[in-house]
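Asks: sequence unknown, structure follows:
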Ligand code: PBG
């Protein structure tokens, strides 16, 4: 009888053997729930391409935060959908804007909730780019890196004043972590952390988010500031630059097509590594399960587990509440 020297199946024989041998386990506090905050009252508008995700007015945002909190989620990230947009994106530092009011309201009701705010200009500019525009000679547009840094610093300060625990720049301008760190420190916010979207790729998987946040660029694309999906060494460089500038947590985004990047970044740093399970990844799961082609719950948990196994400490995911409920039962 052929008898292999080594056997791998013995530890898979029963549920408890498998549990005992399990290397990676998810918990609700691994998740960071993204929420979209809008003006008005009583608004809970579902995003067509993201079933189960809503644009929420501040009152509804607080209710959603409470529901998440009850499932064991301890961290939220807020995205603003302002009523007013202009060329500069001036609503980004409006102390009465949706993000500032949203942070404030959540902190009043749930002071222990960790609140992160997304810092970027694309939701606030009328052209939809992530910073101040310059025209090139051929008529195309680009974002002016250095002129954008001041705007991001003002936005981050506004969020910190409103009570954010962590600010998360997602614009991909060079030097923005240093600019934000300096602005925070000089105004007495030395204790506020920076989660930088360090390796953020120019990805087609952001499509549904741009529907939700109304932030699709009117002209051109984001390839001159977001990373080329072909590159992973470059991700390590982006991460190193952001850490040198003072980032406390570094993020890889998207997650699923970039698990190799998550793993490489995890090995190269000793700070927490976050990964963003983005809108397009969520929409695919929702669409395929609605059609009856995939088992939504099992696929969701497998995806989240894979992101953690790759090395992510925190996972930004629209599945957060549903996944936490699965973990709690
Ligand atoms: C803003 C921002 C985007 C996302 C997070 N912050 C969109 C973009 O860069 O176009 C995408 C998140 C998602 O797709 O879920 N710059």
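Replies: The structure has been received and is ready for your questions. It should be emphasised that the depicted structure is a prediction, and the values quoted were computed from it without experimental measurement.
Asks: Next, the contact list for the residue lying closest to residue 90 once chain neighbours are set aside, please.
Replies: Once flanking residues are discounted, residue 90 sits nearest to residue 124: 7.3 Å by Cβ to Cβ, 6 or more residues apart in numbering. To be clear about C-beta, it is placed using only N, CA and C from the backbone, and glycine gets the same treatment. Residues near residue 124 by Cβ atoms under 8 Å, 6 or more residues apart in numbering: 80, 82, 85, 89-92.
Asks: now residue 206
Replies: Counting by Cβ under 8 Å, 6+ apart, residue 206 touches 254, 278-280.
Asks: For those residues, which two are the farthest from each other?
Replies: 254 and 279 (9.0 Å; Cβ to Cβ).
Asks: what residue ranges in the protein score low on pLDDT?
Replies: 1 (pLDDT under 70).
Asks: one step back: filter the contacts of residue 206 down to the ones near the ligand?
Replies: Applying Cβ under 6 Å from any ligand atom, the subset of the contacts of residue 206 adjacent to the ligand comprises 278-279.
Asks: Go through the contacts of residue 206 and flag which are in helices.
Replies: 279-280 (DSSP state H).
Asks: From the contacts of residue 206, keep the buried residues only.
Replies: Among the contacts of residue 206, the ones that count as buried by 16 or more other Cβ atoms under 10 Å are 254, 278-280.
Asks: Now tabulate the residues you listed in TSV and tack on distance to residue 113.
Replies: TSV is the format used below for the buried ones among the contacts of residue 206 (distance: Cβ to Cβ, whole Å):
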residue	distance to residue 113
254	25
278	23
279	23
280	27
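Asks: hmm, stretch 201-214 touching the ligand?
Replies: Yes - shown here: stretch 201-214 in contact with the ligand (Cβ under 6 Å from any ligand atom) through 206, 209-210.
Asks: wouldn't residue 85 be in contact with residue 91 here?
Replies: Yes - using Cβ atoms under 8 Å, residue 85 is in contact with residue 91, at 6.7 Å.
Asks: For the stretch 1-150 of the chain, list the residues in contact with the ligand, please.
Replies: Listed as neighbours of the ligand in the stretch 1-150 of the chain under the rule Cβ under 6 Å from any ligand atom: 118, 120, 122, 130.
Asks: Just among those, which is most surrounded?
Replies: Most neighbours among those, by other Cβ atoms under 10 Å: residue 120, with 29 neighbours.
Asks: does it really touch residue 143, like I thought?
Replies: No - if you go by Cβ under 8 Å, residue 120 and residue 143 don't touch, sitting 11.0 Å apart.
Asks: among the contacts of residue 124, which ones are buried?
Replies: 80, 82, 85, 89-92.
Asks: can you tell me which two in those are farthest apart?
Replies: That would be 80 and 90, which, of the buried ones among the contacts of residue 124, are the farthest apart (Cβ to Cβ) at 12.5 Å.
Asks: For the ligand, what is the nearest residue in the stretch 101-250 of the chain?
Replies: Proximity of the stretch 101-250 of the chain to the ligand (Cβ to the nearest ligand atom) peaks at residue 209, 3.2 Å away.
Asks: Number of residues surrounding residue 26?
Replies: Residues contacting residue 26 under the criterion other Cβ under 10 Å number 18.
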